[in-house]
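# Quick one, fold the following:
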Amino acid sequence: MAGFLFFLFFIKQCDMRVLVAICFFFFQISFARQNIVSAQDKDTLAGEYGRLITPGNLKKQLYTLASSEMEGRETATPGQEKAAAYIASQFAQMGLAPGANGKWLQHYPLYSDSLLHASITVNQQSYKWGRDFWVDIRAGKNQQLTANSVVYVSDGTEMDYLDQEVKGKVVMMKEASLRNREGSDLNSRITFAAARGASALLIISPQASRYSSLGEAKLRTSGIYQKNASSKELNIYYITPTIAIQILQLGKKDNLSDQKQAKEVTIPIHLTFEKRTTELHPSNVLGLLEGTDKKDEYVFVTAHYDHLGKNGRTIYFGADDDASGTSAVIEIAAAFAQAKKEGKGPRRSIVFMTVSGEEKGLLGSSYYTSNPIYPLSQTVTDLNIDMIGRIDPAHEKDSNYVYIIGDNRLSSELRTINEAANNEYTHLQLDYKYNDPEDPEAFYYRSDHYMFAQHGIPIIFYFNGTHADYHQPSDTPDKINYQLLSRRAQLVFYTAWKIANRDERLAVDGM
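Numbering: from 1, shown residues only. Next up, the predicted model:
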């Protein structure tokens, strides 16, 4: 009672402003203590949510993605579209937001060419596509060309054009050139012919007929590609020496390799190349888990969901490559989504992105980083998962491992965080063999994280190495080690958790 009376007396005597300041001071201390406890709790809670990534859940996802119904998930096929729809449904079911400007899918344009007709006729002698000559379908442009002469420029170096006018004319040169001559590489000689205004280029190649072994279907289609990815300024016809001998009007005793003098040969020639181009619209799948106080910074967790598709009736299932990584992304997303539902969501936003086009040359991730939905300047890291369900020959006796690639190339902090997550939770052997810049396999450049790295964004590539079933129909779900897949996926989760919840953004201070 005496203490209470003293407190009333103190209130009467104190300036009200002083009292307010004292109350505010104690409120700040209390709030700071709550924050400290909250941060500690979050780090402890990581284990609770990481354990939601189970072998059973991963197995369910992987068997669906690598099923016959998905038809090998080749980019720009119905199988790939089915896989995209399935992944989007999983993201929606767990409560993620559509991550592509209010949609689940980020479509991007690709192209495929089909040959309609191609022919070469020299002095009324017709030659057959695939047997006598060949044109790169994706690089070739539709052309109907008739000429009365061909300009032969031997090796096709600048010296060979000194006395020849080739603008608007058909030019012919050898594929192989003397390596000690300036500008002797083939690309520079092709570029030089285009710069001089040639209307078409015939390249004498002893290998021109080898393409007939590919079969009619492969010979007449280009596969898919990005627009103008490999287009040339003029059509290039790779011809057999037989055609060249007729054009040069050589006798039986003449040797083609002895023809070193550039000259224009009068002879009628007709070239035809016609193709049909189809535009395709494959997609990346994006799910967003919005953060709290640092929601304008983004942590990416990625994998590619495409594979090689079918060859006739044979399906390339791609269980390890990369249904394993895609399954991991889905289950990591589910664990984070559950944490958010229970009020323990991450401070930074997390984008879960599965891309297509990886097997065609990192096309989906390349499109995303060229057309980002979230600012690259606000993208903190990309944790990329590509093949984490198997054991490579080097680890058959000690399978508790995962290859870590690229973790220290752009940030001095990323390795420390990943190793701390591993030491605390998963206890895997982190193998840095393929992180060596001199390693001949060059895996650092061979998966989707590299598109982020090119923009200075720190990355980690999680990988189990290759094996006998790599890119074979035998890469099937029954061969996956689901316990090991679970631990590897958990490592990615714990690393993402730490990055998403730390106070400071990752330093970007690497090479």
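# Please give me every residue in contact with S370.
Residues in contact with S370 (Cβ atoms under 8 Å, 6 or more residues apart in numbering): none are found. Any C-beta I mention is one placed from the backbone N, CA and C, and that applies to glycine too.
# Do a quick rundown of the helices in the stretch 401-511 of the chain.
414-421, 449-453, 482-501 (DSSP state H, counting those that start in this stretch).
# With N400 as the reference, name the closest of the ones you listed.
Ranking the helices of the stretch 401-511 of the chain by their distance to N400 (criterion: Cβ to Cβ) puts helix 482-501 first, at 7.4 Å.
# Helix, strand or coil: sort out the spatially closest residue to L280 that is not a sequence neighbour for me.
Spatial nearest neighbour of L280, excluding adjacent residues (Cβ to Cβ, 6 or more residues apart in numbering): A76 at 4.0 Å. Secondary structure assignment for A76 (DSSP: H, G, I helix; E, B strand; the rest coil): coil.
# same deal with the one 10 residues further on?
Per three-state DSSP, the secondary structure class of Y86 is helix.
# Figure out the helix or strand that the nearest residue to it once chain neighbours are set aside lives in.
Spatial nearest neighbour of Y86, chain neighbours left out: T64 (6.4 Å); criterion: Cβ to Cβ, 6+ apart. Here T64 sits within helix 55-65, counting by DSSP states H and E.
# For the stretch 251-400 of the chain, which residues score under the pLDDT cut-off?
Within the stretch 251-400 of the chain, no stretch has pLDDT under 70.
# quick one, strands of it?
Applying DSSP state E, counting those that start in this stretch to the stretch 251-400 of the chain gives strands spanning 263-280, 283-289, 294-304, 310-311, 314-315, 348-355, 379-385.
# So which bits of the second one are buried?
This points to strand 283-289. Buried residues in strand 283-289, counted by 16 or more other Cβ atoms under 10 Å: S283, N284, V285, L286, G287, L288, L289.
# Pull that strand out as PDB, backbone CA atoms only.
Output of strand 283-289 as PDB, limited to C-alpha atoms (Å, rounded to 0.1, in the frame of the first residue of the first chain):
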ATOM      1  CA  SER A 283       5.500 -22.500 -70.000                       C
ATOM      2  CA  ASN A 284       7.200 -22.000 -66.700                       C
ATOM      3  CA  VAL A 285       5.100 -22.600 -63.600                       C
ATOM      4  CA  LEU A 286       5.300 -20.000 -60.700                       C
ATOM      5  CA  GLY A 287       3.900 -20.100 -57.200                       C
ATOM      6  CA  LEU A 288       4.400 -17.200 -54.800                       C
ATOM      7  CA  LEU A 289       4.500 -17.300 -51.000                       C
END
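# for that strand, packing partners?
helix 78-94, strand 97-98, strand 105-107, helix 325-341, strand 348-355, helix 363-370 (3 or more Cβ pairs under 8 Å, 6 or more residues apart in numbering; DSSP states H and E).
# Save those as CSV, and put in distance to F443 too.
Putting the helices and strands packed on strand 283-289 into CSV (distance: least, Cβ to Cβ, whole Å) gives the following:
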stretch, distance to F443
helix 78-94, 24
strand 97-98, 32
strand 105-107, 25
helix 325-341, 14
strand 348-355, 17
helix 363-370, 15
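# Out of the ones you listed, flag the one nearest K141.
helix 363-370 (22.1 Å).
# just how off-centre is that closest one within its chain?
7 Å (Cα atoms, centre = their mean, to the nearest Å).
# the inter-axis angle of it versus strand 294-304?
Computed with axes from the mean of the first three to the mean of the last three Cα atoms, to 10 degrees, the direction of helix 363-370 lies at 160 degrees from that of strand 294-304.
# Report the inter-axis angle for helix 363-370 versus strand 379-385.
170 degrees.
# With distance to Q106 added, can I get the strands of the stretch 251-400 of the chain in a markdown table?
Converted to a markdown table, the strands of the stretch 251-400 of the chain look like this (distance: least, Cβ to Cβ, whole Å):
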| stretch | distance to Q106 |
| --- | --- |
| strand 263-280 | 14 |
| strand 283-289 | 4 |
| strand 294-304 | 13 |
| strand 310-311 | 25 |
| strand 314-315 | 26 |
| strand 348-355 | 8 |
| strand 379-385 | 15 |
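# Any idea how far stretch 334-353 is from the middle of the chain?
25 Å.
# What's the end-to-end length of it?
End-to-end distance of stretch 334-353 (Cα to Cα, to the nearest Å): 13 Å.
# low-confidence ranges in the stretch 51-200 of the chain?
Ranges of the stretch 51-200 of the chain meeting pLDDT under 70: 177-184.
# Please give me every residue in contact with the closest residue to N57 other than its chain neighbours.
Using Cβ to Cβ, 6+ apart and skipping the chain neighbours, the partner closest in space to N57 is E331 (5.4 Å). The contact partners of E331, by Cβ under 8 Å, 6+ apart, come to L52, I53, T54, N57, L58, Q61, A489.
# Check N101 too.
I373.
# what does Y63 give?
So Y63 contacts P477 (Cβ under 8 Å, 6+ apart).
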